[in-house]
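*Asks:* below are the sequence and a predicted model; questions follow.
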Amino acid sequence: MNNPGRIHRAWWMLIGCCLLQGGSLGIVHNCRGIFYAPVIEDLGFGMGAFTFYVLFFGVCSCIVLPFVGTLFRCIDSRILLGGASLVFSGTVFAMGFFRTLPAFYIAGALQGFAGAFLMFYPAPYILGNWFHKKRGLAVGLAAAFSGIVGGLGNPLGNAIIRTFGWRVGFFSFGAISLLMMLPVSVFLLRCSPEDVGCRPYGAEDDEALTGESCPLDGVPASRAKRESAFWLLILAGLLASFTCSYCSHLSPIGIYFGYGSAVGALMVSCSMAGNVVGKLLLGHLYDRFGLRVSLAAGTAVTAAGYLLLLINSLTARIAGAALYGFSMATSTVMIAIAIRDIYGSRDCGELLSYSSMVSALGTSVNAVIIGYMVDGFGRQRGYIISFWYGLALTLAMGALFIVSVRRGRKIAAEYKTGGNAGVSSKP
């Protein structure tokens, strides 16, 4: 049981999820772009061919993600998260020894398998179980931490690469990743409060007011998956993940537009700052104003970021990189929140797995598409074309949000019991 005189254990779960997000998404996923230019220049690869390892990551994540929810329910999370941390961080460290494309592709595949247990599913699932109140804030904070780590890691990694080379950069980031993830995976994180005899944060307050326990209610997964509204929301999530791919290209953008590697790393750090602010702000907007307002804000700010990136000005492009960071907030925070908000808690874990799949696949596929745009149209022109492409993706994403939320609300209304089925009443 929870001790009223002590900090609720949910907040320790939040700290653990922050470190898990920082050690996977933050120091590795959000910083991989700083390795693109030095690796391809040193080993003579094309941008499209090298970034293809990211596609192996995404495809292998998608293969595993449908089973992740079931495995978390059947196997101790300490075994799953601890083992995945060792594999994930180990492959990052090993990339410092590679000289051939197949080696990077194999490492990308192994990272994808391990990353399925670390990057997309655990934080929203664990925090959704532990927080009955302030769920948007908790998920936003955990996701924002990956942006903080990415914002610090990009200039640090750029300095390491410039001083010691890209191989030492991989060695360093693999070690940092392992130190952040392994201890909390083994000793701290638990999937649900019931595992340790606790109640979710805020559940006691609602029970005191209503005299009833908080039910796990909502739309059954079997019904949600028969409706176009759910798949339109997943498609919106796919487009949102497509827009996140530009983060890894901001560093070479800085180099290829003549600004230099330090400015490229600065642009990535600015996008990470936008990532952090976006995740906190969109989580707050959700808690305060509801789902529609937070989704609209994420779409609008991301679109503004792409428009600024199109302007031939260093100041405008740095500002555009910062606003573009909201795309990561929309993809990693708001899609997960939208699924739980619309369809409730009954089968949230199963439904979240589909969101995690498209998030992994979309980011990976589009990173390769952008790489081949650069190879096909030239470095500067290819990136300009990719900005227009990203803007179109963002506007299409916003339209899908409007339709999927409206239709999803109608379906969810059928499953409300006594006016509250565990599905938010926020607009």
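*Replies:* Looks like it came in fine. What you see is a predicted model, and the numbers here were worked out from it, not measured in a lab.
*Asks:* and the gap between the closest residue to Phe187 other than its chain neighbours and Cys18?
*Replies:* Spatial nearest neighbour of Phe187, excluding adjacent residues (Cβ to Cβ, 6 or more residues apart in numbering): Arg78 at 7.9 Å. Any C-beta I mention is one placed from the backbone N, CA and C, and that applies to glycine too. Distance, Arg78 to Cys18, using Cβ to Cβ, to the nearest Å: 18 Å.
*Asks:* more neighbours: which of the two?
*Replies:* Cys18 (23 against 14; other Cβ atoms under 10 Å).
*Asks:* residues in contact with the more buried one?
*Replies:* Residues in contact with Cys18, defined by Cβ atoms under 8 Å, 6 or more residues apart in numbering, are 141-142, 145.
*Asks:* that older thread, quick check, pLDDT for the residue nearest to Phe187.
*Replies:* pLDDT for Arg78: 89.
*Asks:* on contacts alone, who are the packing partners of the helix or strand harbouring it?
*Replies:* Using DSSP states H and E, Arg78 falls within helix 77-94. Applying 3 or more Cβ pairs under 8 Å, 6 or more residues apart in numbering; DSSP states H and E, one finds that helix 77-94 makes contact with helix 101-115, helix 166-187.
*Asks:* what mean pLDDT does the longest one get?
*Replies:* Looking at helix 166-187 alone, the average pLDDT works out to 95.
*Asks:* with the first one instead?
*Replies:* Average pLDDT, helix 101-115: 94.
*Asks:* next, the buried residues of that helix.
*Replies:* 104-115 (16 or more other Cβ atoms under 10 Å).
*Asks:* got the angle for it vs helix 77-94?
*Replies:* 160 degrees (axes from the mean of the first three to the mean of the last three Cα atoms, to 10 degrees).
*Asks:* give me the neighbour count for the residue nearest to Ala396 when sequence neighbours are not counted.
*Replies:* Here the nearest residue to Ala396 in space, its sequence neighbours aside, is Leu239; by Cβ to Cβ, 6+ apart that works out to 5.8 Å. Using other Cβ under 10 Å, Leu239 is surrounded by 25 other residues.
*Asks:* residues touching Leu239, list them.
*Replies:* If a contact means Cβ under 8 Å, 6+ apart, then Leu239 has 362, 393-394, 396-397, 400 as its contacts.
*Asks:* cutoff 7 Å now
*Replies:* 393, 396-397, 400 (Cβ atoms under 7 Å, 6 or more residues apart in numbering).
*Asks:* most neighbours of all those residues, which one?
*Replies:* Met397 (26 neighbours).
*Asks:* what helix or strand is that residue located in?
*Replies:* Per DSSP H and E: helix 379-413 holds Met397.
*Asks:* check which residues of that helix are buried.
*Replies:* Buried residues in helix 379-413 (16+ other Cβ under 10 Å): 379, 382-387, 389-391, 393-394, 397-398, 400-401, 404-405, 407-409, 411-412.
*Asks:* kindly report the same for stretch 294-307.
*Replies:* Buried residues in stretch 294-307 (16+ other Cβ under 10 Å): 294-295, 297-299, 301-306.
*Asks:* am I right that Arg340 is in contact with Leu127?
*Replies:* No - if you go by Cβ atoms under 7 Å, Arg340 and Leu127 don't touch, sitting 10.3 Å apart.
*Asks:* the two: which is more packed in?
*Replies:* Leu127 (27 against 23).
*Asks:* need the three-state assignment for the more buried one.
*Replies:* Of the three states, Leu127 takes helix under DSSP: H, G, I helix; E, B strand; the rest coil.
*Asks:* now do the contacts for it.
*Replies:* Per Cβ under 7 Å, 6+ apart, neighbours of Leu127: 13-14, 17, 135, 138-139, 142.
*Asks:* cool, Tyr306 as well?
*Replies:* Applying Cβ under 7 Å, 6+ apart to Tyr306 gives the contacts 320, 324, 387, 390-391, 394.
*Asks:* pLDDT at Pro427, what is it?
*Replies:* pLDDT at Pro427 comes out at 48.
*Asks:* swap that for Tyr256, please
*Replies:* 80.
*Asks:* how about Ala221?
*Replies:* 79.
*Asks:* check Trp11 too.
*Replies:* pLDDT, Trp11: 90.
*Asks:* what do you get for Leu391?
*Replies:* The predicted local confidence for Leu391 is 93.
*Asks:* what helix or strand does the residue nearest to it when sequence neighbours are not counted sit in?
*Replies:* Sequence neighbours aside, Tyr306 is the residue nearest to Leu391 in space, at 4.1 Å (criterion: Cβ to Cβ, 6+ apart). Here Tyr306 sits within helix 291-309, counting by DSSP H and E.
*Asks:* and after that helix, which helix or strand comes next?
*Replies:* Assigned by DSSP H and E, the successor of helix 291-309 is helix 314-324.
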